[in-house]
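> sequence? don't have it. structure:
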């Protein structure tokens, strides 16, 4: 049941609209309910071949030798594709927006870094013949020690998962192994607090489980172009990724998609398109590559696990005065998009509450598991779980109703957020009030009278003096741990009167391949 | 041995669009000679209703009925660039691009109509049903179809428009994390009621009550679909799902829907939803986006409800019966908290 509460914030809206606000039936409803909507796999092309990949049985192993002789002679095989056949066999998705270093091959060459990593692709007349040929590929593996725990991966002597990032962490701003948030002085906040509560939370990986698994069909078109039917969630993102990996101009491709059988973030990674197109280039025939259900569940990227430590200082009257967070994102063996989610997570701290002292350190860590990727609520879902469990514990600790505890701490218009921007257009208090009303949860009259539009700003708009650690010189300090559980940082610098100036913009790199880099827009994203 | 009921809450906010911005989307709108409009996009409809929402935005902006607009998505030869369908950016980013394109097209349409009616374009208005007329004089009118015919064959005008929406990219301070992550935020609060069996550790959902603030519900039916479905996903994340049940040990990964647990029809519960609308200054008609955030409050609300029911804190996801039972045993039995 959905109820529109038009009475709230009515003075901020013009409700005199004709089409907006109506529950119009979807444009594509008839196609969906009659089963006639066209998905990528509805394109059955004449002479279509099928591509399947050999996946590593080891989480971490050196590839001593790959022998495809017998597989090449297998019935129905049209082409075997190895890493050396991929024009640019190293990529990172966010290179399109100049963020991060190329760290992931389309087909593994020297080493495999997670169980299920593709090593060799087989293009055959049927999926069955492709699988039969894959069974005949001989690979000589030298198993290597693997690391699966995010904090274990940061210990000295831990196996190096991905040589592009030898400290097993993504590198931020060229120097840090994590993204920092510093707002006020948490140590002073803890010293003043009536209670300090320190807890830790863990979210396991989660599978997107789309009805339609990841897949694409690539076919040679006239005039040297290729048409690609795809399940991607981001058409040009996938197109430009393929142009880079295959080292051709982006207008070589005509991508067609748009109707997708469930994405939830799991169809941004462009898992199948580059090899399907390469297969079509090498055979001159249409090539279909779709993940099976087991491949999708185990080797298609999941929502990554997160481990979160929270330490809060709270007053007896319910005001939270300090919040310190350390979190580890498990990126798996390659970066994909986890590096981006870390920054988004830092921006989200400390949740929708006004807290005068906030300290965050969030890490993107490499382990020997299936690379993680975006999923609904990326960078925020696990943190919200941790923050809201913590809020419940704090309310319990100080003996305040959990609804009222949230209203008490909620951010309001005019407050300063921890990323040093003013809160505007807030509505948390009203959501709590209405949810309480719906759930018949009693709130005291004074709590029912509170408003996001009242009593914000003023002292709540201030940035408290913020002690900063000395900035490192040059080399990354990757293995260095934070002082989370120890005394306050020894070196207290004088608090800067104004926010630290932004770093200078690095020169935009020149495009070195066919893909459009959007560099006029994103030239400053590499940090 | 008994079943215990408890209630828990969570309140959240969620940023709209790619963090830090820098994620443009474009749209093209044009009319055919019969006054029927096509919106060309490369954006993806994942089932969330992107085509329908942008269609309503276009129709409202042009001042024509929604039946006169068709949205064509995701062809790289015809649709201009879009960053993609993720980060709750569809309604906000693509919606704004479509609005800009439709405004430009409307400008040409009104000029063409003004020429036919021999009046000033500023004196004209649309009735939203396919007619353009002089303000205060509905009888001095022309249909959008006749305007399109005149524009195409007589005036030599193209009733079309281009739109782009871009939130400029923000930098991030390495030392303080100072940044401009998003221009607007959606909000929510959710109350979950659960029943915990202290003999088996099983958690059954009893009901959920929630309030979501989304800027503007452009299509309340699509919003309802997102919020109901998203909350199911929240239940699933809270109590069922993971491809690594013994994380960080990667063993025993599920391979299909028999082994990968998700809630069935008997595992979900009634959900009573209120929608609040505080328009975002830069949203299309104030809209933000319900896409991702609707699942988020469910996870902690369920964990907090379990504490209220049996007194154990479940800090690791998913909250399986095994984990609940172990926690109850470690505590020496269920300790129901004060009923709420």
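In hand now; what should we look at? Keep in mind the model is a prediction, meaning the values are calculated, not measured. Numbering: from 1, shown residues only, chains lettered A, B, ... in the order given.

> Give the buried residues for stretch A:386-406.
Across stretch A:386-406, burial judged by 16 or more other CB atoms under 10 Å in any protein chain shown covers A:386-398, A:400-406. (Glycine included, C-beta is placed from N, CA and C.)

> just the residues you listed that are near chain B?
A:386-389, A:391-393, A:402-403, A:406 (CB under 8 Å from any CB of the partner chain).

> and which of those residues is nearest chain B?
Proximity of these to chain B (CB to the nearest CB) peaks at residue A:388, which lies at 3.3 Å.

> which residues does the closest one contact?
By CB atoms under 8 Å, 6 or more residues apart in numbering or on different chains, residue A:388 lies in contact with A:351, B:10-12, B:297, B:299-301, B:304.

> Out of the residues you listed, the closest to residue A:277 would be?
Of all the contacts of residue A:388, residue B:299 has the smallest distance to residue A:277: 38.7 Å, by CB to CB.

> burial measure for that closest one, as a count.
Neighbour count for residue B:299, taken as other CB atoms under 10 Å in any protein chain shown: 32.

> my guess is it meets residue B:231, correct?
No. Taking CB atoms under 8 Å as the definition, residue B:299 is not a contact partner of residue B:231, at 10.5 Å.

> Most neighbours among the contacts of residue A:388, please name it.
Using other CB under 10 Å as the neighbour criterion, residue B:301 leads the contacts of residue A:388 with 34 neighbours.

> so is that residue in a helix, a strand, or just coil?
Under the three-state scheme (DSSP: H, G, I helix; E, B strand; the rest coil), residue B:301 adopts helix.

> Enumerate every residue touching it.
Taking CB under 8 Å, 6+ apart as the criterion, residue B:301 is in contact with A:388, B:8-10, B:190-192, B:208.

> got the residue ranges for the helices in the stretch 201-350 of chain A?
A:235-246, A:273-283, A:293-298, A:338-348 (DSSP state H, counting those that start in this stretch).

> what would these look like in TSV with mean neighbour count?
Below are these laid out as TSV (neighbours: other CB atoms under 10 Å in any protein chain shown):
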stretch	mean neighbour count
helix A:235-246	26
helix A:273-283	25
helix A:293-298	20
helix A:338-348	26
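
> Output the ones you listed in JSON lines, with distance to chain B and mean pLDDT appended to each entry.
Listed next are these as JSON lines, based on distance: least, CB to the nearest CB, whole Å; pLDDT from 0 to 100:
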{"stretch": "helix A:235-246", "distance to chain B": "5", "mean pLDDT": "98"}
{"stretch": "helix A:273-283", "distance to chain B": "12", "mean pLDDT": "98"}
{"stretch": "helix A:293-298", "distance to chain B": "4", "mean pLDDT": "95"}
{"stretch": "helix A:338-348", "distance to chain B": "3", "mean pLDDT": "98"}
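
> how about those in JSON lines, adding distance to residue A:63?
JSON lines is the format used below for the helices of the stretch 201-350 of chain A (distance: least, CB to CB, whole Å):
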{"stretch": "helix A:235-246", "distance to residue A:63": "20"}
{"stretch": "helix A:273-283", "distance to residue A:63": "18"}
{"stretch": "helix A:293-298", "distance to residue A:63": "20"}
{"stretch": "helix A:338-348", "distance to residue A:63": "25"}
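
> Can you pull out the low-pLDDT segments for the chain?
You didn't say which chain, so I picked chain A. Across chain A, the ranges flagged by pLDDT under 70 are A:473-527.

> and it, what are its domains?
Annotated domains of chain A cover A:50-144+A:208-298, A:150-201+A:304-461 [automatic domain parsing].

> Just send those back as TSV, with distance to residue A:24 too.
TSV is the format used below for the domains of chain A (distance: least, CB to CB, whole Å):
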stretch	distance to residue A:24
domain A:50-144+A:208-298	19
domain A:150-201+A:304-461	25
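
> who wins for proximity to residue B:115 among these?
domain A:50-144+A:208-298 (36.6 Å).

> Next secondary structure element downstream of the biggest helix by length in chain B?
For chain B, the helix that runs over the most residues, judged by DSSP state H, is helix B:95-117. Counting by DSSP states H and E, the next helix or strand C-terminal to helix B:95-117 is strand B:124-126.

> In the chain, mark out all the helices, start to finish.
Chain wasn't specified; assuming chain A. A:29-33, A:69-72, A:127-134, A:150-153, A:186-192, A:235-246, A:273-283, A:293-298, A:338-348, A:381-398, A:402-409, A:428-438, A:445-448, A:519-522.

> My question was about chain B, not that one.
Under DSSP H, chain B gives helices at B:50-62, B:95-117, B:144-150, B:220-239, B:298-310, B:321-331.

> average pLDDT across the last one?
Per-residue pLDDT values over helix B:321-331 give a mean of 98.

> How about the longest one?
For helix B:95-117, the per-residue pLDDT values average out at 98.

> Could I get the buried residue list for it?
Buried, per 16+ other CB under 10 Å, within helix B:95-117: B:95-102, B:104-106, B:108-117.

> do the first one as well
Within helix B:50-62, the residues scored as buried using 16+ other CB under 10 Å are B:50-62.

> what two of those are the furthest from one another?
Longest distance between any two of the buried residues of helix B:50-62 is 18.3 Å, between B:50 and B:62; criterion CB to CB.

> just how off-centre is the longest helix of chain B within its chain?
27 Å (CA atoms, centre = their mean, to the nearest Å).

> How about that helix and chain A, any contact?
No. Interface with chain A: helix B:95-117 contributes nothing (CB under 8 Å from any CB), its closest point being 10.2 Å away.

> ok so, going back, check the ones next to chain B among the buried residues of stretch A:386-406 and tell me the two furthest apart.
The widest separation within those (CB to CB) is 19.5 Å, between A:386 and A:403.

> Does residue A:59 touch residue A:111 like I think?
No. With contact defined as CB under 8 Å, residue A:59 does not reach residue A:111; the gap is 11.4 Å.

> Of the two, which one has the most company?
In this view residue A:59 and residue A:111 are compared by other CB under 10 Å, and residue A:59 has more residues nearby, 25 against 19.

> What segments of the stretch 101-250 of chain A are strands?
Taking DSSP state E, counting those that start in this stretch as the criterion, the stretch 101-250 of chain A carries its strands at A:111-112, A:118-124, A:138-143, A:179-183, A:195-203, A:215-220, A:226-230.

> I'd like to know which elements the first one is packed against.
The contact analysis (3 or more CB pairs under 8 Å, 6 or more residues apart in numbering or on different chains; DSSP states H and E) places strand A:111-112 against strand A:61-67.

> Run through who's touching the strand it packs on.
Residues contacting strand A:61-67 (CB under 8 Å, 6+ apart): A:82, A:108-112, A:119-120, A:137-144.

> What residues of that strand count as buried?
A:61, A:63, A:66.

> if I look at residue A:373, how far off is chain B?
10 Å (CB to the nearest CB, to the nearest Å).

> Skip the chain neighbours and tell me the closest residue to that residue.
Leaving aside its chain neighbours, residue A:373 sits nearest to residue A:301 (3.7 Å; criterion: CB to CB, 6 or more residues apart in numbering or on different chains).

> Residue B:311 now?
Of all residues not flanking residue B:311 in the chain, residue B:335 sits nearest, at 3.2 Å (CB to CB, 6+ apart).

> same question, residue B:90
Using CB to CB, 6+ apart and skipping the chain neighbours, the partner closest in space to residue B:90 is residue B:50 (4.9 Å).

> before we move on, what about residue B:101?
Using CB to CB, 6+ apart and skipping the chain neighbours, the partner closest in space to residue B:101 is residue B:163 (3.2 Å).

> What about the one you found, how many residues nearby?
25.

> from what I can see it touches residue B:26, true?
Yes. Assessed by CB under 8 Å, residue B:163 is found in contact with residue B:26 at 6.6 Å.

> Please name the residues that touch residue 190.
Reading this off chain A. When contacts are counted by CB under 8 Å, 6+ apart, residue A:190 touches A:196, A:311, A:313, A:322, A:324.

> oops, I was thinking of chain B
Neighbouring residues of residue B:190 by CB under 8 Å, 6+ apart: A:435, B:9-11, B:208-211, B:231, B:297-298, B:301.
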